[in-house]
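*Asks:* this is a predicted model, with the sequence first.
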Amino acid sequence: MEQLTELPIIDCTKINITLDDAEIDDNDLREFGEDIFESFKRYDVTSAVLTNHGISEEVVKAAERVTSELEKPDFKKIAPYFAPMKLGEEFQRKCDIHIDGEDGGIVKHSFATKHGVQLLTKKLMLLKKDKSGDTFNPENGRTLRFVPSLAQVSVLNIDDIIPGFNKAYNALFCESLKLAKRVLTALTFPLHTDRDYFNKMIEDIHTPGENGSALRGNILPKVPQDFPIDDQVVRINEHEDRSIITILHQANVNGLTVKTMSGKSVPVVHKGDSLLLQTGNILARLTSGKLPPTPHSVMGNKEQLQQSRISHAFLIFPDEKVELRCIDGSDTYPPVSAFILLNDLENQDLHGLKH
Ligand SMILES: [Fe+2]
């Protein structure tokens, strides 16, 4: 096993999303899938930096522009669209768009259940000094979860509040989905399963209420000038995602750190317009624990903390109706419906944030 100071880099040129499906050979997909699999094993980390993926920088920048609107003070005007949220209250799980923040969280049709989004928000935005334990909990930290199929049928048109929102988020969602599907199809080869295994799992991704795959926009606010920082602090607590895989687009401020399978922290260093691939809880389960989820957190030094940090994560989930079974037939984890597992993971999450 090789020791890491930077994450491995994997070139996506041959499976680039600017290529049509017909232009991609199964051998290229197989080779790409085996490269990812080998990299995970060789470097002891289920995460990699992907280059030449074909997602347009302009699409990422456009999403960043609309996400930055969430920070503006006049954002309060959206409050009438949102039902007040109470900690511990059970919400409707079929989410369209929710926005947490302001006064501990305002939310409509939350995907979160028992523990509420308020806790999620608080944990997500917790800023903690490493050693002293001093904390600063910003009041205006916001995260927005966008599920296009549900946004279409929502009573809220967020374009009325943030012009251009739907176009920008839809574009980044679609390009991220295309890349995620290519990566997942490629992984079917080293996992020795049917080429359409993952595609069948997300058949309902465009049907409202059937699949929670989402693009999440996050803003971590800058800290007050007088906030005492001598060292690195935790901007987002360490957590794993519940997804099959997650694609993390580059943020405007660095600080993302992932952990190897043996627990070593590695800072994420991007090359050009690269992005980050991570594994989630669902893939871990499907692979009988062979590909565990990637623990990750966001750290910040004084300079980084004086800028608001905007980031976008694309999380791909299975359709709720799908029965999740270990691919190797071992039943290391007993078969379970995606709906039940995702709810369970959410409930276990009281002591650790998951996206
Ligand atoms: Fe995450």
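*Replies:* Great, that's in hand.
*Asks:* can you pull the buried residues of stretch 249-257?
*Replies:* For stretch 249-257, a neighbour-count test (16 or more other C-beta atoms under 10 Å) marks 249-251, 253-257 as buried. Where you see a C-beta, it was placed from the backbone N, CA and C, and this is true even at glycine.
*Asks:* among those, which one lies nearest to the ion?
*Replies:* Leu256 (9.4 Å; C-beta to the ion).
*Asks:* tell me the bridge partners for the closest one.
*Replies:* Counting by DSSP bridges, Leu256 is bridged to Val298.
*Asks:* so it sits right up against His296, yeah?
*Replies:* Yes - if you go by C-beta atoms under 8 Å, Leu256 and His296 touch, sitting 6.5 Å apart.
*Asks:* the spatially closest residue to Tyr43 that is not a sequence neighbour: how many residues sit nearby?
*Replies:* Of all residues not flanking Tyr43 in the chain, Pro8 sits nearest, at 5.0 Å (C-beta to C-beta, 6 or more residues apart in numbering). By the criterion of other C-beta atoms under 10 Å, Pro8 has 18 neighbours.
*Asks:* any idea how far Pro8 is from the ion?
*Replies:* 19 Å (C-beta to the ion, to the nearest Å).
*Asks:* so for that residue, what's the pLDDT?
*Replies:* Turning to Pro8, the model gives it a pLDDT of 95.
*Asks:* got the contact list for it?
*Replies:* With contact set as C-beta atoms under 8 Å, 6 or more residues apart in numbering, Pro8 has these partners: 39, 42-43, 45, 48-49.
*Asks:* thinking again about what came up before, now the buried residues of stretch 249-257 in TSV, with distance to Val234 and pLDDT?
*Replies:* Converted to TSV, these look like this (distance: C-beta to C-beta, whole Å; pLDDT from 0 to 100):
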residue	distance to Val234	pLDDT
His249	21	97
Gln250	20	93
Ala251	15	93
Val253	14	92
Asn254	14	92
Gly255	10	92
Leu256	12	95
Thr257	9	95
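*Asks:* just put those in a markdown table and tack on distance to Ala338.
*Replies:* Below are the buried residues of stretch 249-257 laid out as a markdown table (distance: C-beta to C-beta, whole Å):
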| residue | distance to Ala338 |
| --- | --- |
| His249 | 25 |
| Gln250 | 29 |
| Ala251 | 29 |
| Val253 | 34 |
| Asn254 | 34 |
| Gly255 | 32 |
| Leu256 | 27 |
| Thr257 | 29 |
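*Asks:* flag every residue of the stretch 151-300 of the chain that's near the ion.
*Replies:* Taking C-beta under 5 Å from the ion as the measure of proximity, the stretch 151-300 of the chain contacts the ion at Asp241.
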